[in-house]
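Asks: below are the sequence and a predicted model; questions follow.
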Amino acid sequence: MIKKPISPETHKQLIVAQRGEITEYHIYTKLAQQTHDPENKKVLNQIASDELRHYKLWEAYTKVEVSPNKWQVTKFYWISKIFGLTFGLKLMEKGEEKAQINYAQIATEVPEALMVAEDENQHEKELLGLIQEEHLKYMGSIVLGLNDALVEILGTLAGLTFALQNTKLVALAGIITGIAGALSMSTSEYLSNRTEGKNELAIKSAVFTGIAYVIAVIFLVAPYLIFTSPFAALLAALFDSILVVFLFTYYISVANDQPFRKRFTEMVILSTIVGLISFGLGYIVRVLFHINV
């Protein structure tokens, strides 16, 4: 079927859309070839097929073949491989929304544009929701481990910083407390799942909780092994805690379609309050017991 001529402005937008479709086709196809999960492979191939169909539709109007953005293909392929399919692909889709392709305007000359918009906004999101990744099943355990470590270890380090004022001693105490805390949290998570009859989840959820806890401890204790000033180390640890919260909250907000700002603010405020209280308690202990290390 011969397509009607389109205006230069619409032609320009279709070229942009065309490049986006063929780029994402290559991303989905490459990821489908690499994944070993048959269900995930099926979903990725289906979305890739949709992207190629959209590309062919735009090409029928533009009469131009467009090459994929190789940098985008490489970037989102490796993001998806390193951080997980769900995070990488949803991050890509969020970027797609910023392309500001006006489907409503295009539809005045290309009626099929509304169908493509529906595919982009609804159908592909539903398909992405079908992708199964094991680590996302244990996100609650990861949140538990990170949150507990950030609150508990940051509070401990803040209190010991003023009480001891010795970076090596504070680091040693932080490492010992961190290891004990990780083992305690992992055990609690394991027993909790066993009690609730979730035997198949117990071991893995305990492992994810422990790993998240240890990662947070490493970030928080590291400044005390680098700086000689205990107060500089504490400020660095506080910065590290905010950085960990920022990175993890951003990951969760993208992967699980959750609000970023509210969760991030909540965790930062909680960690800061606990740190300030512990810092004050450390000062009181130092004065009352005349500790001078």
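Replies: Arrived safely, thanks for sending. Numbering: from 1, shown residues only.
Asks: tell me what the helix or strand harbouring residue 241 is packed against?
Replies: Assigned by DSSP states H and E, residue 241 falls within helix 230-255. Packing partners of helix 230-255 (3 or more C-beta pairs under 8 Å, 6 or more residues apart in numbering; DSSP states H and E): helix 85-97, helix 139-164, helix 167-195, helix 199-226, helix 260-288. Glycine gets a C-beta too; all of them are placed from N, C-alpha and C.
Asks: give me whichever of the ones you listed is most buried.
Replies: Ranked by mean neighbour count under mean count of other C-beta atoms under 10 Å, these are led by helix 139-164, which reaches a mean of 23.
Asks: per-residue pLDDT of residue 65, please?
Replies: Listed pLDDT for residue 65 reads 90.
Asks: quick one: it and residue 59 touch, right?
Replies: Yes: if you go by C-beta atoms under 8 Å, residue 65 and residue 59 touch, sitting 6.8 Å apart.
Asks: okay, these two: which has more neighbours?
Replies: residue 59 (18 against 9; other C-beta atoms under 10 Å).
Asks: do you know how far the more buried one is from residue 19?
Replies: 11 Å (C-beta to C-beta, to the nearest Å).
Asks: same check, this time on residue 110
Replies: For residue 110 relative to residue 19 (C-beta to C-beta), the value is 16 Å.
Asks: the more surrounded of the two?
Replies: It is residue 110, of residue 110 and residue 19, that has more neighbours when counted by other C-beta under 10 Å, with 23 against 18.
Asks: quick one: residues contacting that one.
Replies: 6, 10, 14, 61 (C-beta atoms under 8 Å, 6 or more residues apart in numbering).
Asks: next, give phi and psi for residue 227.
Replies: When read as degrees, to the nearest 10, the backbone of residue 227 gives phi -90, psi 150.
Asks: tell me the pLDDT at it?
Replies: At residue 227, pLDDT is 91.
Asks: also residue 175?
Replies: For residue 175, pLDDT reads 90.
Asks: please renumber the chain so that the first residue is 851 from this point on.
Replies: Taking 851 as the first residue, the last one we looked at is residue 1025.
Asks: one step back: compare the helices and strands packed on helix 1080-1105 and give me the one nearest residue 1098.
Replies: Minimum separation from residue 1098 across these (C-beta to C-beta) falls at helix 989-1014, 5.9 Å.
Asks: same for the closest one, what does it pack against?
Replies: Counting contacts by 3+ C-beta pairs under 8 Å, 6+ apart, helix 989-1014 packs against helix 1017-1045, helix 1049-1076, helix 1080-1105, helix 1110-1138.
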